[in-house]
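Colleague: what's the 3D shape of this:
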Amino acid sequence: MSTLSVEFLAWDSQFFGLRIGRLSGRPESIEQLQDALVRSRQDRFDCIYALVPADEVETNCILQRAGFVARDVRLDFSRPLDSEPAVTDTREWNPADLPTLEAIAETAFGATRFAADPGFTPEAVRNLYRTWISNSCKGYAEVVVVAGPVGSPHGFITLHRDAQPGCARIGLIGVASAHRSQGIGSQLIAAALGWAKTQGCSELRVSTQAANVGAQRLYQRTGFTTVSASTWFHYWSTS
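Modeller: Numbers count the residues shown, from 1 in each chain. A predicted model of the protein is given here:
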């Protein structure tokens with residue numbers, strides 16, 4: 001039987017002011033998972049995340065029987081960099097952009113697993129993405145590309161080198177509500193493809209929520225294909 005434990009997540013715990021962890025390993029029985037949860041209570045975990053491939057039906061059932069609640073279906077997309085992307089009217093972020101980028105981030109991610117979980121307040125969720133884009137600009141992302149004038153950008157995309165060699169990854173992409181349906185998302189994707197090419201990558205990856213149909217359409221329209229689906233579960237010790 002595989003080892004089952006809970007990994008402490010320092011950043012999440014500090015940000016939310018809770019003791020948060022992530023399930024490490026796959027539960028093979030309800031008894032094994034319940035034993036791990038007993039140990040997690042002794043370690044004073046408030047919330048535990050678990051990410052499981054959607055096609056692992058038995059594992060999904062075990063988690064639900066133990067009190068884990070499905071909060072999100074994560075879809076992973078991939079696009080090969082097999083041609084030169086179009087040049088777009090985008091640029092790297094400027095410090096004068098940050099207040100607007102934070103304001104966009106506060107309202108652009110309402111379909112995430114954190115927003116779907118009443119254990120996290122709406123204010124905390126808004127601040128999570130505000131902090132995320134701020135940290136991305138300050139070095140968490142390798143580059144932040146924006147569209148629009150300095151000081152009042154219309155949208156942004158954050159980019160990283162993926163853990164797998166030859167791959168790049170989109171972290172966040174957000175467009176201000178007043179500028180949606182204007183092709184800005186496609187411009188940002190094209191800029192991301194261009195950046196990935198300059199890094200010597202052959203593939204660009206991104207993840208989004210099953211509930212975010214608009215993002216899925218954007219990725220499909222710009223040449224991405226779905227490669228996997230997984231379910232995010234949250235477990236609260238008070239549940």
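Colleague: which residues of the chain fall in strands?
Modeller: Taking DSSP state E as the test, the strands found in the chain are 5-8, 20-24, 47-53, 69-80, 91-92, 143-147, 155-161, 167-175, 203-209, 225-236.
Colleague: Output these as CSV; include the columns mean neighbour count.
Modeller: In this view, the C-beta of every residue, glycine as well, is placed from N, C-alpha and C. Shown next, in CSV, are those (neighbours: other C-beta atoms under 10 Å):
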stretch, mean neighbour count
strand 5-8, 15
strand 20-24, 19
strand 47-53, 20
strand 69-80, 18
strand 91-92, 14
strand 143-147, 22
strand 155-161, 23
strand 167-175, 22
strand 203-209, 21
strand 225-236, 17
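Colleague: Redo those strands as CSV? Include mean pLDDT and distance to residue 103.
Modeller: As requested, those are arranged in CSV below (pLDDT from 0 to 100; distance: least, C-beta to C-beta, whole Å):
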stretch, mean pLDDT, distance to residue 103
strand 5-8, 95, 32
strand 20-24, 96, 27
strand 47-53, 98, 28
strand 69-80, 97, 24
strand 91-92, 96, 19
strand 143-147, 97, 13
strand 155-161, 97, 11
strand 167-175, 97, 10
strand 203-209, 97, 21
strand 225-236, 98, 26
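Colleague: Take those strands and write them to CSV, including distance to residue 114.
Modeller: Listed next are those as CSV, based on distance: least, C-beta to C-beta, whole Å:
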stretch, distance to residue 114
strand 5-8, 18
strand 20-24, 11
strand 47-53, 10
strand 69-80, 8
strand 91-92, 28
strand 143-147, 21
strand 155-161, 17
strand 167-175, 13
strand 203-209, 11
strand 225-236, 9
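Colleague: Just to check, residue 72 is in contact with residue 207?
Modeller: No. When contacts are counted by C-beta atoms under 8 Å, residue 72 is not listed as touching residue 207 (10.2 Å).
Colleague: ok, which stretches of this structure are helices?
Modeller: Under the criterion DSSP state H, the chain contains helices at 10-16, 30-42, 57-65, 98-107, 122-135, 184-198, 213-221.
Colleague: how about stretch 95-106: buried residues?
Modeller: Within stretch 95-106, the residues that count as buried by 16 or more other C-beta atoms under 10 Å are 97-98, 100-106.
Colleague: Mind checking the strands of the chain for the one nearest to residue 132?
Modeller: Between residue 132 and those, the shortest gap by C-beta to C-beta is with strand 167-175, which sits at 6.3 Å.
Colleague: can you list contacts of that closest one?
Modeller: With contact meaning C-beta atoms under 8 Å, 6 or more residues apart in numbering, strand 167-175 is reached by 104-105, 108-109, 129, 132-133, 136, 141, 154-162, 184-185, 188-189, 192, 195-196, 199, 201-206, 215.
Colleague: now that strand: how far from the chain's centre is it?
Modeller: Chain-centre distance of strand 167-175: 9 Å, with C-alpha atoms, centre = their mean, to the nearest Å.
Colleague: Domain parsing of this structure, as residue ranges.
Modeller: 5-67, 79-228 (automatic domain parsing).
Colleague: Output these in JSON lines; the columns should cover distance to residue 237.
Modeller: Output for those, formatted as JSON lines (distance: least, C-beta to C-beta, whole Å):
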{"stretch": "domain 5-67", "distance to residue 237": "6"}
{"stretch": "domain 79-228", "distance to residue 237": "10"}
